[in-house]
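K.L.:
what would the 3D arrangement of this be:
(chains A and B)
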Amino acid sequence: VAGGTGAGGNDVQWCFSQVKGAIDDDVAEADIISTVEFNHSGELLATGDKGGRVVIFQQETENKCQPLSRSEYNVYSTFQSHEPEFDYLKSLEIEEKINKIRWLPQKNAAQFLLSTNDKTIKLWKISERDKRPEGYNLKEEDGRYRDSTTITTLRVPVFRPMDLMVEASPRRIFANAHTYHINSISVNSDNETYLSADDLRINLWHLEITDRSFNIVDIKPANMEDLTEVITAAEFHPHQCNTFVYSSSKGTIRLCDMRASALCDRHSKLFEEPEDPSNRSFFSEIISSISDVKFSHSGRYMMTRDYLSVKIWDLNMENRPVETYQVHEYLRSKLCSLYENDCIFDKFECCWNGNDSVVMTGSYNNFFRMLDRSQRRDVTLEASRESSKPRQVLKPRRVCAGGKRKKDEISVDSLDFNKKILHTAWHPQENIIAVATTNNLYIFQEKVN
Amino acid sequence: MRRNSAVRASMCRLDVESAVKEVGQSIGDVLSSPRYVLGRGVKRKLVDCEDPVPDLPYPLQRQLVMDLCLDKLQSCHRRSEPSLHRSVLLANTLRQLQQEMRQEGGGLSPTLAAACPAHAAPATPRHTPDLPPVPSDCVLAEEALPSLTSCHDLIFGSFEITNSTSYLTDLAPDDIFDDIDTSMYDPSDFSVLAFPSLRVGSGAPSTNGEEGLKTFSSCSPSSALQHRLSDLNDLDQIMEILVRS
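P.N.:
The predicted structure is shown next:
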């Protein structure tokens, strides 16, 4: 991976770069950020929110020649992706909240992304226009038609520069294929197909075809009374276009090969770690539910996030993960309270850095965790307005699990469980991260000397 | 959605104070241990600790969790964002606790029977009307617990998103009315005056919408265009009625 960067964790010092979003504490529900995603080059950063809007930021470097120069992300395009719908037969509203955004690799001047709510996936084309034609013969500049009898000469219209305009237009709408709520979309490495997953089924689409999709996984039981497990996330392998994985609410991950059969109900591999009996509690099953699964860029590993931990799996070893990291183990003794206030059902995402050496995931109190695999170290950082002076270095935070609280530590009982970081993203090549609090997007960068 | 004021992890009675961790007890199954150290910041060796405050025995802890589970399952429809994932996890937890209680088998201790009078009385707010009635003389844990199976359809059945937004538009207007025999009606009976509320692509509901439908059924236009127009009007009428209800 280019740039000589990618080594995160304790070697890297992270600085505040930017924060986007309203400052005041009164959060408008529509502004709640629901997904964050860099495109393949890292130049564009997309966010989706509960109001169905997509906001895309573009990286502008001060000095494009220097690899580690300070970059700023500024608004590039904003558009309404999904609108609320009403299901007349069930008297239910279908939320416009954007659950996931996934970028397509760039093939020409335009950018394409897939965005999805609970029910419908849309392919959006984002294109730039910086020239406009001028000098029409039959029209005035303002568009009014000229009286043809007044035209005595002909001229060739020319393109003149104009202020950059970024247009987003929906190119495909993939609808009516999901009975349950869509939780994942993933573009295949063949750049022609993608999958969409809901609670019980996974469908395969061709990007050009909207009126048909193929069902490749179906775990709906014949009798809904027998339902005990749902699909929580799914992703295509980054290089093998026939391979994908899906995670479940029971803490298992299934790897499927589409060459084996059309309906991939029988997995090729089943990844599951036996439960540690000493950790058994009423909530063992709930906290084992996997909220996110992500392949490493290399395609050799995958990472899963459950309520308390992050696990790295080697695709060649099914019976246990190769690495396990505790995200916030101090919450284990608070599970009943977290169950009471529903926080135990929060779905945290996770992400890899460019060279797969560090992984990141969110926590409560606007904390997020960087777990360095190569150095076997971890750090807890905070996204807050208090630490948002330009280029301010982030100080590691520590949570005091019990006993005497040291200076600078925060005790578990003082954590704010309403401030949760569920969505984070890492630039594919550089040490730039995007961290979403409830309604703000923080961008942090590696300290540059 | 929760208010943006800080939400702390309110002290659920089952949660062990952080002091317990500090004394070196393994994270382990603290909830199954009858020993709790509730003093803050007080260092005690686990072996020496005794219950300064009598805490809940395991069966009552389990009951508390079950109560919470039932509450959450019953309120899942009132939530702004119903989640099948959440409901399945809650149902599994409840089922697991029920199984555990069944395995413990016959006869509840008097404490437990006294602790679950709420389940014996069908009128308590904890029960949905759909749960099977619980016998008032509940003795066995099994009878005290509402059956999950009848809830399942209620809980799991309502998560499907139906494609109703395209339900009607997918059908050609003629198909809807295939079963209506219009051969007997005189085209000359067709009159605009008969249903003043009908508008093509009508939006606002009208009070005599239903009358308009009735009037339509008694006569029929002859030309294909008029037939199609009135079919569409009929469609609008149906939609208005559905939305209003």
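
K.L.:
would the helix or strand harbouring residue B:101 count as contacting chain A?
P.N.:
For residue B:101, the host element (DSSP states H and E) is helix B:84-104. Yes. Using CB under 8 Å from any CB of the partner chain, we find that helix B:84-104 touches chain A at B:84, B:85, B:86, B:88, B:89, B:91, B:92, B:93, B:96, B:97. Backbone N, C-alpha and C define where each C-beta goes, glycine included.

K.L.:
stretch A:294-306 near chain B at all?
P.N.:
No. Stretch A:294-306 stays clear of chain B (CB under 8 Å from any CB), getting no nearer than 12.0 Å.

K.L.:
list the buried residues in that stretch.
P.N.:
A:294, A:295, A:296, A:297, A:301, A:302, A:303, A:304, A:305, A:306 (16 or more other CB atoms under 10 Å in any protein chain shown).

K.L.:
TSV please, covering those residues and showing secondary structure.
P.N.:
Listed next are the buried residues of stretch A:294-306 as TSV, based on DSSP: H, G, I helix; E, B strand; the rest coil:
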residue	secondary structure
A:294	strand
A:295	strand
A:296	coil
A:297	coil
A:301	strand
A:302	strand
A:303	strand
A:304	strand
A:305	strand
A:306	coil
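
K.L.:
adding distance to residue A:231, write those residues out as JSON lines.
P.N.:
Formatted as JSON lines, those follow (distance: CB to CB, whole Å):
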{"residue": "A:294", "distance to residue A:231": "15"}
{"residue": "A:295", "distance to residue A:231": "17"}
{"residue": "A:296", "distance to residue A:231": "21"}
{"residue": "A:297", "distance to residue A:231": "24"}
{"residue": "A:301", "distance to residue A:231": "21"}
{"residue": "A:302", "distance to residue A:231": "15"}
{"residue": "A:303", "distance to residue A:231": "17"}
{"residue": "A:304", "distance to residue A:231": "13"}
{"residue": "A:305", "distance to residue A:231": "15"}
{"residue": "A:306", "distance to residue A:231": "15"}
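
K.L.:
with distance to residue A:391 and pLDDT added, can I get these in CSV?
P.N.:
Output for the buried residues of stretch A:294-306, formatted as CSV (distance: CB to CB, whole Å; pLDDT from 0 to 100):
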residue, distance to residue A:391, pLDDT
A:294, 30, 98
A:295, 33, 98
A:296, 30, 98
A:297, 28, 98
A:301, 33, 98
A:302, 35, 98
A:303, 30, 98
A:304, 34, 98
A:305, 30, 98
A:306, 35, 97
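
K.L.:
and those residues, which two are furthest apart?
P.N.:
Maximum pairwise distance among these (CB to CB): 22.0 Å, between A:297 and A:306.

K.L.:
returning to that earlier point: can you dump the C-alpha atoms of the helix holding residue B:101 in PDB for me?
P.N.:
The C-alpha coordinates for helix B:84-104 follow below in PDB (Å, rounded to 0.1, in the frame of the first residue of the first chain):
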ATOM      1  CA  LEU B  84     -36.500  -8.600  13.900                       C
ATOM      2  CA  HIS B  85     -32.900  -9.100  15.100                       C
ATOM      3  CA  ARG B  86     -33.700  -7.700  18.500                       C
ATOM      4  CA  SER B  87     -36.900  -9.700  18.800                       C
ATOM      5  CA  VAL B  88     -35.200 -12.900  17.900                       C
ATOM      6  CA  LEU B  89     -32.500 -12.300  20.500                       C
ATOM      7  CA  LEU B  90     -35.100 -11.500  23.200                       C
ATOM      8  CA  ALA B  91     -37.200 -14.600  22.300                       C
ATOM      9  CA  ASN B  92     -34.100 -16.800  22.400                       C
ATOM     10  CA  THR B  93     -33.100 -15.400  25.800                       C
ATOM     11  CA  LEU B  94     -36.600 -16.000  27.100                       C
ATOM     12  CA  ARG B  95     -36.800 -19.500  25.800                       C
ATOM     13  CA  GLN B  96     -33.400 -20.300  27.300                       C
ATOM     14  CA  LEU B  97     -34.500 -19.100  30.700                       C
ATOM     15  CA  GLN B  98     -37.800 -21.000  30.400                       C
ATOM     16  CA  GLN B  99     -35.900 -24.200  29.600                       C
ATOM     17  CA  GLU B 100     -33.600 -23.600  32.500                       C
ATOM     18  CA  MET B 101     -36.500 -23.300  34.800                       C
ATOM     19  CA  ARG B 102     -38.200 -26.400  33.400                       C
ATOM     20  CA  GLN B 103     -35.000 -28.400  34.000                       C
ATOM     21  CA  GLU B 104     -34.900 -27.300  37.600                       C
END
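
K.L.:
I'd like to know which elements it is packed against.
P.N.:
Judged by 3 or more CB pairs under 8 Å, 6 or more residues apart in numbering or on different chains; DSSP states H and E, helix B:84-104 is in contact with helix A:284-288, helix B:58-74, helix B:141-144, helix B:149-156.

K.L.:
worst mean pLDDT among those?
P.N.:
With a mean of 36, helix B:141-144 has the lowest mean pLDDT of the helices and strands packed on helix B:84-104.

K.L.:
got the residues of the stretch 151-300 of chain A near chain B?
P.N.:
Close to chain B, as judged by CB under 8 Å from any CB, the stretch 151-300 of chain A has residues A:175-176, A:178-181, A:199-200, A:224-225, A:227-230, A:232, A:249, A:278-283, A:285-286, A:289.

K.L.:
out of these, which are inside helices?
P.N.:
Using DSSP state H, the members of those that fall in helices are A:285, A:286.

K.L.:
type out the ChimeraX command that picks the buried ones from the residues of the stretch 151-300 of chain A next to chain B.
P.N.:
Buried members of those, defined by 16+ other CB under 10 Å, are picked up in ChimeraX with:
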select /A:175,176,178,179,180,181,199,200,225,227,229,230,232,249,281,282,283,285,286,289
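
K.L.:
confirm that residue A:337 sits in a helix.
P.N.:
Yes. Judged by three-state DSSP, residue A:337 forms part of a helix.

K.L.:
for it, give its distance to residue A:344.
P.N.:
9 Å (CB to CB, to the nearest Å).

K.L.:
equivalent analysis for residue B:81, please.
P.N.:
Distance from residue B:81 to residue A:344, by CB to CB: 16 Å.

K.L.:
which of these two has more neighbours?
P.N.:
Neighbours of residue B:81 and residue A:344, each counted by other CB atoms under 10 Å in any protein chain shown, are more numerous for residue A:344; the result is 21 against 13.

K.L.:
ok, now how distant is the more buried one from residue A:331?
P.N.:
Plainly put, residue A:344 is 9 Å away from residue A:331 if you go by CB to CB.

K.L.:
overlap in contacts of the two?
P.N.:
A:307, A:338 (CB atoms under 8 Å, 6 or more residues apart in numbering or on different chains).

K.L.:
quick one: pLDDT of the residue lying closest to residue A:374 once chain neighbours are set aside?
P.N.:
Once flanking residues are discounted, residue A:374 sits nearest to residue A:357: 4.7 Å by CB to CB, 6 or more residues apart in numbering or on different chains. Listed pLDDT for residue A:357 reads 96.

K.L.:
ok, the one 10 residues further on next?
P.N.:
In the predicted model, residue A:367 carries a pLDDT score of 97.

K.L.:
count of neighbours near residue A:191?
P.N.:
Neighbours of residue A:191 (other CB under 10 Å): 12.

K.L.:
contacting residues for the residue lying closest to it once chain neighbours are set aside?
P.N.:
Using CB to CB, 6+ apart and skipping residues adjacent in sequence, the residue nearest residue A:191 is residue A:105, 5.9 Å away. By CB under 8 Å, 6+ apart, the residues touching residue A:105 are A:40, A:187, A:191.

K.L.:
quickly note the distance from the closest residue to the first one other than its chain neighbours to chain B.
P.N.:
Leaving aside its chain neighbours, residue A:40 sits nearest to residue A:105 (5.2 Å; criterion: CB to CB, 6+ apart). Residue A:105 sits 30 Å away from chain B, taking CB to the nearest CB, to the nearest Å as the criterion.
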